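Engineer: One predicted model, sequence on top.
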Protein chains: 2
Amino acid sequence: MSYYRNYNSKDEILMDYMYQIILEYAQELDLSNIRTGFQTYEHILQSLKYLQKYKDYVLCLQKANRSEILLHGLDMYMLTVTDAKEKSFFEKCELYYYSGALYNIFLHWIRDGMNEDIEVVAQIIYDHVKHNRYDMTGIPLEIFPKEPQQ
Amino acid sequence: MSYYRNYNSKDEILMDYMYQIILEYAQELDLSNIRTGFQTYEHILQSLKYLQKYKDYVLCLQKANRSEILLHGLDMYMLTVTDAKEKSFFEKCELYYYSGALYNIFLHWIRDGMNEDIEVVAQIIYDHVKHNRYDMTGIPLEIFPKEPQQ
């Protein structure tokens, strides 16, 4: 995160941090297999483990009544990795369904103290999504900027 | 909603109103076929039409950064109608997945001005859920209180 950037509100800081989290995740992804790897069990587990690293930030968002910033981050990630930002509302709905579901399960899980195995949580999510995996045919590979946008 | 009840915070008022909305919906439901009717296309369409009546309240929640109250209401409805309040985290996850998905799609839809046909939105949701409908075998019929809880 740039320490020289000026912010106009606390919300901007929180949203920018969310953006950096999502960007970092995307940069760590093996994009060469994103077409076949999106919404696999391994990908879901990887994303839960990644989000878990930021649990304190997410709990802080919730305490400040700004959990929506996490949901916005997940939406943004889904739309970006599938190159769907300019698509119709109905096509985006396929992704909103998934990000809303992930968001709610993840929030309940960390709020309840993460007592359950992350692998089982990932499996539950995968069991839901496996019949409706998003069609990634034709998605270009160069979808994420390599540097944070200013 | 009782006009004589005392509230300790604005949040309590907003949450109580949400509770009344969900309770009214549950009382309008034909519970005699809830076991077979839960998560059908017709049920999804009915719930979207019902929520649409309260769009101003939902937009007001969002403006106040309290959209979470809607999500909490949907969670509560799902856990109640499936008699799952005392079940394990993993069983609840099945419902959190669904309520989080509904929540996100509904919020995007009303925020974007509800330009798309509600029937198509219901169909998209049903297409996701049809392979994973919650198993309602053994759910008792008398699950909702007939009067608001005080």
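Structural biologist: In hand now; what should we look at?
Engineer: how about the helices of chain A, start to end?
Structural biologist: A:10-28, A:34-37, A:41-53, A:55-63, A:68-81, A:89-111, A:118-129 (DSSP state H).
Engineer: a markdown table for the ones you listed, including mean pLDDT and mean neighbour count?
Structural biologist: Every residue, glycine included, has its C-beta placed from N, CA and C. Shown next, in a markdown table, are those (pLDDT from 0 to 100; neighbours: other CB atoms under 10 Å in any protein chain shown):
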| stretch | mean pLDDT | mean neighbour count |
| --- | --- | --- |
| helix A:10-28 | 90 | 16 |
| helix A:34-37 | 70 | 15 |
| helix A:41-53 | 94 | 16 |
| helix A:55-63 | 94 | 15 |
| helix A:68-81 | 93 | 21 |
| helix A:89-111 | 95 | 22 |
| helix A:118-129 | 93 | 18 |
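Engineer: Export the ones you listed as CSV, with columns for distance to chain B.
Structural biologist: Putting the helices of chain A into CSV (distance: least, CB to the nearest CB, whole Å) gives the following:
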stretch, distance to chain B
helix A:10-28, 9
helix A:34-37, 20
helix A:41-53, 12
helix A:55-63, 8
helix A:68-81, 6
helix A:89-111, 3
helix A:118-129, 5
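Engineer: so which of those helices comes closest to B:G100?
Structural biologist: Among the helices of chain A, the nearest to B:G100 by CB to CB is helix A:89-111 (2.6 Å).
Engineer: what about that closest one, distance to the chain center?
Structural biologist: Distance, stretch centre to chain centre, for helix A:89-111: 9 Å (CA atoms, centre = their mean, to the nearest Å).
Engineer: Restricting to C-alpha, output that helix in PDB.
Structural biologist: This file holds the C-alpha atoms of helix A:89-111, laid out as PDB (Å, rounded to 0.1, in the frame of the first residue of the first chain):
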ATOM      1  CA  PHE A  89     -26.600  -7.800 -15.200                       C
ATOM      2  CA  PHE A  90     -27.700 -11.400 -15.700                       C
ATOM      3  CA  GLU A  91     -24.200 -12.600 -16.500                       C
ATOM      4  CA  LYS A  92     -22.900 -10.700 -13.500                       C
ATOM      5  CA  CYS A  93     -25.600 -12.300 -11.300                       C
ATOM      6  CA  GLU A  94     -23.800 -15.700 -11.800                       C
ATOM      7  CA  LEU A  95     -20.900 -14.200 -10.000                       C
ATOM      8  CA  TYR A  96     -22.800 -12.100  -7.400                       C
ATOM      9  CA  TYR A  97     -24.500 -15.400  -6.400                       C
ATOM     10  CA  TYR A  98     -21.100 -16.900  -5.700                       C
ATOM     11  CA  SER A  99     -19.500 -13.900  -4.000                       C
ATOM     12  CA  GLY A 100     -22.500 -13.400  -1.700                       C
ATOM     13  CA  ALA A 101     -22.500 -17.000  -0.700                       C
ATOM     14  CA  LEU A 102     -18.700 -17.000   0.000                       C
ATOM     15  CA  TYR A 103     -19.000 -13.700   1.900                       C
ATOM     16  CA  ASN A 104     -21.700 -15.000   4.200                       C
ATOM     17  CA  ILE A 105     -20.100 -18.300   5.000                       C
ATOM     18  CA  PHE A 106     -16.700 -16.700   5.500                       C
ATOM     19  CA  LEU A 107     -18.100 -14.100   7.900                       C
ATOM     20  CA  HIS A 108     -20.000 -16.700  10.000                       C
ATOM     21  CA  TRP A 109     -16.900 -18.900  10.100                       C
ATOM     22  CA  ILE A 110     -14.500 -16.200  11.400                       C
ATOM     23  CA  ARG A 111     -17.200 -14.700  13.700                       C
END
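Engineer: Next, the angle helix A:118-129 makes with that helix.
Structural biologist: Helix A:89-111 and helix A:118-129 are oriented at 160 degrees to each other (axes from the mean of the first three to the mean of the last three CA atoms, to 10 degrees).
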